[in-house]
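**Q** fold the following for me, if possible:
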Amino acid sequence: MKRFVIYLLLLMPAVLSAQRLVFTHSAVVANQVGMLSWNSLSDTATYRLYRMFPDQNEYTCIAVTGETTYLDTLHRTICADTVNYLVSVGTDTSLPVGLFYQDDVPTSPCTLRLCSVDTALGQIRLSWDPSPDTDVMGYYICMGNPCLYYDTVWGRLNTTYLCSETLNRFNNFEYSFRILAFDSCYQASPLTPYYHNPRLELHAEPCSRELHCSWNRYINMPDSVLHYTLYYKLQGDPDWHLHRFGADGPFTFDTLIPDLAIGRLSAYLAVTNPDSLCAYSIVQDFYFEYGDTADYLRISHLHYDESQPSVTLTLEVDPHFWGRHCYIYRATGSSDYFEQIAELPRSATQPEQYLTYTDYDINRAAGRYVYRIGTPDICGQWIKYSDTVQLLLPEIVQPEAYIPNAIIFGDPDNGRFCPRFLSPLADGYSLDIFSRIGAHIFHTTNLTDCWDGTDMQGRPLQQGVYVYKACCRHADGSERIYTGTVLLLH
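**A** Numbers count the residues shown, from 1 in each chain. Next up is the predicted model:
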């Protein structure tokens with residue numbers, strides 16, 4: 001019996017030394033949290049716990065403890081993968097155990113803050129409050145209803161996005177947006193509701209002075225909308241007019257434009273919340289369309305008739321522009337003021353491309369005539385003008401002397417040949433008459449002496465053609481010689 005007890009006592013150290021360090025329990029108890037337990041080798045043992053992530057090749061010590069239980073909270077996200085652990089004491093090391101972690105917590109959504117038009121760029125800019133989750137890697141931007149286009153913004157705190165679409169008067173649409181956050185495991189949060197940019201629409205019927213403004217209800221504001229403000233100004237106005245509307249509308253506004261000839265109106269909408277946060281629509285440039293007008297009109301030809309005198313204009317007008325009259329305007333002399341001088345009706349069913357008009361009211365002393373034509377639009381509100389065409393009349397040459405071309409011998413009224421000068425003479429006057437064969441038959445240096453059809457001896461000359469030569473010096477110093485023929489009749 002004693003031998004058996006002694007044998008057992010000798011065997012106990014060997015049994016104790018054969019006890020191995022092993023994990024007795026391992027489990028994932030919460031999102032990214034694992035519970036690990038192992039057996040105790042002695043009450044005074046110090047254990048070292050090691051961990052290796054899936055993307056690592058070596059174990060890293062994460063705890064030195066005298067306990068046999070450890071709660072490991074991961075400070076990085078493991079997306080459906082295994083993290084390996086082992087524990088050691090002295091030279092004794094356990095076999096590794098793996099815990100399969102999976103991110104099962106849904107990503108928290110973001111909250112859209114603002115959907116507004118960047119007025120400097122003409123593009124829609126989105127902004128939102130970030131997701132409260134620290135594991136968020138970025139955001140997906142979904143555009144369209146349903147979503148037809150996605151874009152990505154990386155970074156949890158990057159919370160603005162500029163859309164590529166450029167808005168203008170031809171692209172003034174209401175766009176739909178939804179945003180979702182995604183974490184490092186690419187798990188997505190729920191999509192936000194649909195949000196829309198503020199959109200202002202302007203409309204006016206042709207020939208109408210009433211402008212109709214309408215806009216969409218804006219639902220994107222944090223703390224809701226306080227009011228809407230419509231801004232507009234007419235072309236040439238230095239300041240904006242504004243009208244303010246409550247959060248519940250109305251969402252329309254009509255105004256009368258004082259003069260359709262202004263041509264253009266600019267307007268935009270501002271949406272404000274109680275904290276003075278503002279969203280804007282695009283600035284709309286609205287052009288009042290009075291209706292169709294001629295694509296072209298011009299004066300293709302001018303003809304001056306000296307004998308009348310008169311000016312004939314050939315006009316070319318867009319034949320596709322039907323049923324409007326054509327007006328002719330004229331400026332004369334040095335004036336640039338155009339007065340309407342004629343109205344040419346055009347057929348409403350078969351308008352002519354070419355028209356003619358003759359201006360008989362011509363004063364040659366005016367010297368300069370400028371013409372242009374114009375035609376109004378179908379509302380009669382705006383006139384389109386052609387380019388101007390200028391006509392310079394020939395200069396009127398005033399004679400400096402009146403010299404008869406025939407005299408009747410012995411006639412008391414028409415029997416004397418005397419040149420009459422229109423400008424004063426200084427001196428040097430002489431008049432000589434010659435026969436056709438060159439005989440000198442008359443000479444004088446006195447303006448009052450006239451040839452009466454006789455020779456130097458006072459004898460009557462035969463009927464026929466005689467040659468004269470008149471020389472003089474005018475008061476301005478110019479010397480002139482007038483030559484020609486005169487017919488002597490009996």
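
**Q** buried set for stretch 469-481?
**A** By neighbour count, and taking 16 or more other Cβ atoms under 10 Å as the criterion, the buried residues in stretch 469-481 are 470, 472, 474. (Glycine included, C-beta is placed from N, CA and C.)

**Q** cool, stretch 306-322 as well?
**A** Judged by neighbour count using 16+ other Cβ under 10 Å, the buried positions of stretch 306-322 are 311, 313, 315-318, 321.

**Q** now these as TSV including distance to residue 21 and secondary structure?
**A** Putting the buried residues of stretch 306-322 into TSV (distance: Cβ to Cβ, whole Å; DSSP: H, G, I helix; E, B strand; the rest coil) gives the following:
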residue	distance to residue 21	secondary structure
311	120	strand
313	115	strand
315	111	strand
316	107	strand
317	106	strand
318	101	coil
321	101	coil
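
**Q** now residue 109. Nearest residue, chain neighbours left out?
**A** When the adjacent residues along the chain are set aside, residue 109 lies closest to residue 189, with 4.1 Å between them (Cβ to Cβ, 6 or more residues apart in numbering).

**Q** repeat for residue 63
**A** Taking Cβ to Cβ, 6+ apart, and ignoring the residues beside it in sequence, residue 63 has residue 49 as its nearest neighbour in space, at 4.3 Å.

**Q** in contact with that neighbour, which residues?
**A** Residue 49 makes contact with 36, 61-65, 70, 85-87, according to Cβ atoms under 8 Å, 6 or more residues apart in numbering.

**Q** where do the strands sit along the stretch 301-450 of the chain?
**A** Using DSSP state E, counting those that start in this stretch, the strands of the stretch 301-450 of the chain run over residues 310-317, 326-332, 339-344, 354-359, 368-376, 383-385, 389-392, 401-402, 406-408, 420-421, 425-434, 440-444.

**Q** helices or strands up against the fourth one?
**A** If you count contacts as 3 or more Cβ pairs under 8 Å, 6 or more residues apart in numbering; DSSP states H and E, strand 354-359 packs onto strand 310-317, strand 326-332, strand 339-344.

**Q** pLDDT (mean, whole number) over stretch 444-462?
**A** The average pLDDT within stretch 444-462 is 89.

**Q** on that earlier part again, can you tell me which of the helices and strands packed on strand 354-359 comes nearest to residue 365?
**A** Checking the helices and strands packed on strand 354-359 against residue 365 by Cβ to Cβ gives strand 326-332 as the closest, at 10.0 Å.

**Q** tell me the strands beside that closest one, with direction?
**A** Strand 326-332 has the following sheet partners, assigned by DSSP bridges: strand 339-344 (antiparallel), strand 368-376 (antiparallel).

**Q** with mean pLDDT and distance to residue 160 added, can I get those strands in a markdown table?
**A** Listed next are the strands paired with strand 326-332 as a markdown table, based on pLDDT from 0 to 100; distance: least, Cβ to Cβ, whole Å:
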| stretch | mean pLDDT | distance to residue 160 |
| --- | --- | --- |
| strand 339-344 | 91 | 59 |
| strand 368-376 | 90 | 50 |
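
**Q** and residue 175, which of these is closest to it?
**A** Nearest of the strands paired with strand 326-332 to residue 175, taken as Cβ to Cβ: strand 368-376 at 40.0 Å.

**Q** how about the closest one as PDB, C-alpha atoms only?
**A** Coordinates of the C-alpha atoms in strand 368-376 are reproduced here as PDB (Å, rounded to 0.1, in the frame of the first residue of the first chain):
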ATOM      1  CA  ARG A 368     -27.400 114.100 -99.100                       C
ATOM      2  CA  TYR A 369     -30.200 111.600 -98.700                       C
ATOM      3  CA  VAL A 370     -30.000 108.600 -96.300                       C
ATOM      4  CA  TYR A 371     -32.700 105.800 -96.500                       C
ATOM      5  CA  ARG A 372     -33.500 102.800 -94.400                       C
ATOM      6  CA  ILE A 373     -36.500 100.500 -94.200                       C
ATOM      7  CA  GLY A 374     -38.200  98.800 -91.200                       C
ATOM      8  CA  THR A 375     -40.900  96.300 -90.500                       C
ATOM      9  CA  PRO A 376     -42.600  95.600 -87.100                       C
END
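
**Q** what sits up against that strand?
**A** Taking contacts as Cβ under 8 Å, 6+ apart, the residues outside strand 368-376 that touch it are 293-294, 297-299, 302, 311, 313, 315, 317, 321, 324-334, 336, 338, 359, 362, 382-393.

**Q** quick check: bridge partners of the closest residue in space to residue 429 that isn't next to it in sequence?
**A** Closest residue to residue 429 in three dimensions, ignoring its sequence neighbours and counting by Cβ to Cβ, 6+ apart: residue 472, at 4.7 Å. Partner residues in beta bridges with residue 472: residue 480, with DSSP bridges as the criterion.

**Q** rewinding a little: tell me the contacts of the residue nearest to residue 109?
**A** 106-110, 131, 180-182.

**Q** can you name the two of those that are farthest apart?
**A** 106 and 110 (13.2 Å).

**Q** between those two, which is the more surrounded one?
**A** residue 110 (21 against 12; other Cβ atoms under 10 Å).

**Q** correct me, but that one touches residue 182?
**A** No - the criterion here is Cβ atoms under 8 Å, and residue 110 misses it with residue 182 at 10.6 Å.

**Q** residue 80 is nearest to which of the strands of the stretch 301-450 of the chain?
**A** Ranking these by their distance to residue 80 (criterion: Cβ to Cβ) puts strand 383-385 first, at 72.5 Å.

**Q** which parts of stretch 21-28 are buried?
**A** When burial is assessed from 16+ other Cβ under 10 Å, stretch 21-28 yields the following buried residues: 21, 23, 28.
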